[in-house]
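Chemist: Could you look at this predicted model? Sequence included:
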Amino acid sequence: MSEIELFCDHVWMEQGLSDATLSSYRTDLKIFADWLKLNGSGLLKAEQSDIQSYLAHRYQQKYSGRSTARLLSSLRKFYGYLCQQHRLKIDPTQQIENPKIQAPVPKTLSEKDVETLIGQPDLETAIGLRDKAMLELLYSSGLRITELISIEVNQIGFVQGVMRVIGKGDKERLVPIGEEALESIQVYLKYGRPELATADANDWLFLSTRGTNMTRQNFWYRIKHYAKLAGIRSHLSPHTLRHAFATHLLNHGADLRTLQMLLGHSDLSTTQIYTYVARERLKQLHSEHHPRG
């Protein structure tokens, strides 16, 4: 049995890893072993300089930083195993740093696209009233879709214009609701929800056609349906309106700390990715409207 298979068997027995993870380890190590062989070396003979040369080769081949970080994780696991088994005295990955990985820039929509998207639901139907309220609330408050579909009626403070949200890690936060979103929710509660509710309907704010709470998949399908009606061809993700909420707030002068609280981020660094999007928008506006842009 090859060294790679022995390693995969070991980590599978020790940690019960999934087939997908084992396959990733196997693929990464096999590719590295083949490269070493072409350069007159092997997995058990590889030194730090060999790994650095291979990383330089990957850089020239334009592999992504994320892909290279995954490869290094596989190599560290493999050489750590060999050292643990006393097959090697020195781990050649020990002094090698991970590549810097740039956080992906959130995909967002323009303010005009958001307005067009929100204007698509048919307000003559209960489903349309529900979808309109969900879209308005999602954009008004920057909720995660999981948070949106989990809201109960008693979490909405109509007089105060705020909502109690249970986010990641069961952390609770108060989120303001815009006037248009509040109005859409009130119209839905009066004319839409009673039509969707069954005799044993629970307290979920947004109900499916079966009288149960909406699922992520169901609402995501509705967003894609309305995007198609609106002629929006840019790539959408389940978080697109959340990203639009954050970006548009920054464009209109909100500060990062406030945005962090509204989004429910535990770390400000997570929120900072939106500054890149906002800066790009400001550059575009400057180019379009400044006389010497």
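Modeler: That came through, no problem. Numbering: from 1, shown residues only.

Chemist: Using the record's assignment, carve the chain into domains.
Modeler: Following automatic domain parsing, the chain resolves into domains at 3-84, 111-289.

Chemist: What is the neighbour count of E183?
Modeler: For E183, the neighbour count with other C-beta atoms under 10 Å is 13. The C-beta positions use only the backbone N, C-alpha and C, and glycine is treated the same way.

Chemist: For L196, see how far away it is.
Modeler: The spacing between E183 and L196, counted by C-beta to C-beta, to the nearest Å, is 19 Å.

Chemist: Any stretches of the stretch 1-150 of the chain with poor pLDDT?
Modeler: Residue ranges of the stretch 1-150 of the chain with pLDDT under 70: 1, 99-107.

Chemist: now with 80?
Modeler: 1, 14-18, 64-66, 98-108 (pLDDT under 80).

Chemist: For the stretch 151-293 of the chain, which segments count as strands?
Modeler: Using DSSP state E, counting those that start in this stretch, the strands of the stretch 151-293 of the chain run over residues 156-157, 162-166, 172-176.

Chemist: Can you lay out those as JSON lines showing distance to R58 and mean pLDDT?
Modeler: Below are these laid out as JSON lines (distance: least, C-beta to C-beta, whole Å; pLDDT from 0 to 100):
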{"stretch": "strand 156-157", "distance to R58": "51", "mean pLDDT": "94"}
{"stretch": "strand 162-166", "distance to R58": "42", "mean pLDDT": "89"}
{"stretch": "strand 172-176", "distance to R58": "42", "mean pLDDT": "87"}
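
Chemist: Redo those as TSV? Include distance to Q48 and mean neighbour count.
Modeler: What follows is the strands of the stretch 151-293 of the chain, written out as TSV (distance: least, C-beta to C-beta, whole Å; neighbours: other C-beta atoms under 10 Å):
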stretch	distance to Q48	mean neighbour count
strand 156-157	59	17
strand 162-166	48	18
strand 172-176	47	14
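
Chemist: Of all these, which one is nearest Q94?
Modeler: Closest approach to Q94 among the strands of the stretch 151-293 of the chain (C-beta to C-beta): strand 172-176, 42.0 Å.

Chemist: how many degrees apart are that closest one and strand 162-166 in direction?
Modeler: If you take axes from the mean of the first three to the mean of the last three C-alpha atoms, to 10 degrees, strand 172-176 sits at 150 degrees to strand 162-166.

Chemist: Kindly export strand 172-176 (C-alpha atoms) in CSV.
Modeler: Output in CSV follows, covering the C-alpha atoms of strand 172-176 (Å, rounded to 0.1, in the frame of the first residue of the first chain):
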residue,chain,number,x,y,z
GLU,A,172,-30.3,38.4,20.1
ARG,A,173,-30.2,41.9,18.5
LEU,A,174,-32.7,44.6,17.9
VAL,A,175,-33.0,45.7,14.2
PRO,A,176,-34.8,48.8,13.0
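
Chemist: circling back to that earlier point, I'd like to know which of the domains of the chain is closest to D91.
Modeler: The closest of the domains of the chain to D91 is domain 3-84. By C-beta to C-beta, the value is 4.7 Å.

Chemist: for that closest one, the distance to its chain's centre please.
Modeler: Relative to the chain's own centre, domain 3-84 is displaced by 27 Å; criterion: C-alpha atoms, centre = their mean, to the nearest Å.

Chemist: again, but for stretch 148-159
Modeler: Relative to the chain's own centre, stretch 148-159 is displaced by 24 Å; criterion: C-alpha atoms, centre = their mean.

Chemist: Give me the contact list for that stretch.
Modeler: 134, 137-138, 163-166, 177, 182, 185-186, 189, 203-206, 213-216, 219 (C-beta atoms under 8 Å, 6 or more residues apart in numbering).

Chemist: Please determine how far the most far-flung residue of the chain relative to its centre is located from A46.
Modeler: For the chain, the largest distance from the centre (C-alpha atoms, centre = their mean) belongs to G40, which lies 42.4 Å off. In this view, G40 and A46 are 11 Å apart by C-beta to C-beta.
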